[in-house]
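> Predicted model, plus sequence, below.
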Amino acid sequence: MIKRIVSLSILILIIAIGFFQKDELLHLIKEGGTFSIFISMLLVAICVFFPVIPFPILAGMIGGVFGTFQGAYICLAGAMVGTMCLFFLSRYGFRDLAQKKLSKHQKVREYEEFLNRNSFVAILVCRLIPIIPAPVVNIVCGLSKVKWLTFFIASALGKLPNILLLSFAGSLFTSSKLFSFGLYGVYILIIFVINFVIVYRRTASKSID
């Protein structure tokens with residue numbers, strides 16, 4: 001009971017900061033400098049829990065302020081802080097409640113089976129190809145027997161390509177808005193096609209059975 005109260009308090013605090021201080025945090029990020037690096041990480045971490053700002057917009061803005069590689073590092077660091085916090089909150093704070101909610105979803109159960117067979121590959125694939133929403137992946141992995149280090153490494157590697165692309169697109173936004181939008185549009189199209197192929201193959205295999 002105490003764990004649940006503490007976890008709920010932390011969750012409410014994180015969401016409240018993101019919701020009520022969003023504009024102030026964005027202003028500090030745009031100013032640049034050392035302090036804005038930590039603010040950027042904080043806001044990215046908050047967005048893992050509650051998307052007060054769409055992540056592509058936030059990552060692109062950070063890339064525009066700090067450049068491709070530094071922006072990618074900042075976004076990845078913030079994303080992993082938020083991801084690991086949600087992972088541990090799920091594992092130790094809301095385990096019973098989360099299990100009850102997620103057990104109702106068929107896709108989540110399928111992912112759990114895949115996760116039990118090969119946790120590293122399962123996490124890496126779901127980060128690279130977001131078939132399942134990232135928060136659901138975090139919670140399911142927190143509820144599973146996956147080791148936190150395996151989860152951390154696979155998540156970081158899987159998040160890196162998307163973050164690099166968003167930071168690169170953001171760094172080019174002021175000089176070439178059309179190319180910046182086009183770059184991310186191509187990425188979204190590729191992800192959509194891959195998702196469509198996976199769903200089509202699953203549907204085809206089920207109809208054959």
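Yep, that arrived. Predicted model, so just to flag it, every value in this text is computed and none were measured.

> List the residues that contact the most centrally placed residue in the chain.
By CA atoms, centre = their mean, the chain has its centre lying nearest to residue 134, at 4.8 Å. Neighbour list for residue 134: 48, 83, 127 [criterion: CB atoms under 8 Å, 6 or more residues apart in numbering]. C-betas here are computed from N, CA, C, even on glycine.

> Skipping adjacent residues, who's closest to the last one in space?
What it means is residue 127. residue 158 (2.3 Å; CB to CB, 6 or more residues apart in numbering).

> What mean pLDDT does the helix or strand encompassing residue 138 get?
Element membership for residue 138 (DSSP states H and E) is helix 134-143. Helix 134-143 comes out with an average pLDDT of 85.

> need the next SSE after that helix, C-terminal direction.
Assigned by DSSP H and E, the successor of helix 134-143 is helix 148-171.

> Could you check how far that following helix is from the centre of its chain?
Its chain's C-alpha centre and that of helix 148-171 lie 9 Å apart, by CA atoms, centre = their mean, to the nearest Å.

> isn't residue 152 right next to residue 84, touching?
Yes. In this structure, residue 152 is within contact of residue 84 by CB atoms under 8 Å, at 6.4 Å.

> neighbour count winner among those two?
Taking neighbours as other CB atoms under 10 Å, residue 152 and residue 84 compare with residue 84 leading, 19 against 15.

> measure that one to residue 167 for me?
21 Å (CB to CB, to the nearest Å).

> give me the number of residues near residue 191?
Residue 191: 15 neighbours (other CB under 10 Å).

> er, residue 88 I mean
That count, for residue 88 with other CB under 10 Å as the rule, works out to 14.

> Helices along this structure, start to end?
Counting by DSSP state H, the chain has helices at residues 2-20, 22-31, 34-49, 55-66, 68-92, 95-102, 106-117, 119-128, 134-143, 148-171, 177-208.

> could you give the mean pLDDT of the first one?
By that I understand helix 2-20. 68.

> do the same with the longest one
The pLDDT scores in helix 177-208 average 69.

> same check, this time on the fifth one
For helix 68-92, mean pLDDT is 92.

> now that helix, how far from the chain's geometric center?
8 Å.

> neighbour-wise, which of the contacts of residue 134 leads?
Taking other CB under 10 Å as the neighbour criterion, residue 83 ranks highest of the contacts of residue 134 with 25 neighbours.

> Give me the distance between that residue and residue 135.
Distance from residue 83 to residue 135, by CB to CB: 9 Å.

> Now do the shared contacts for the two.
Contacts common to residue 83 and residue 135, judged by CB under 8 Å, 6+ apart, are residue 48.

> quick check, distance from stretch 41-61 to the centre of its chain.
The answer for stretch 41-61 is 9 Å, by CA atoms, centre = their mean.

> Please enumerate residues in contact with it?
With CB under 8 Å, 6+ apart, stretch 41-61 has contacts from 11, 14-15, 17-19, 22, 25-26, 29-30, 62, 71, 74-75, 77-79, 81-83, 85-86, 134-135, 138, 163, 166-167, 169-170, 173, 180, 184.

> Report the buried residues of it.
The neighbour-count criterion (16 or more other CB atoms under 10 Å) identifies 41-50, 52-53, 55-56, 58-61 as the buried residues of stretch 41-61.
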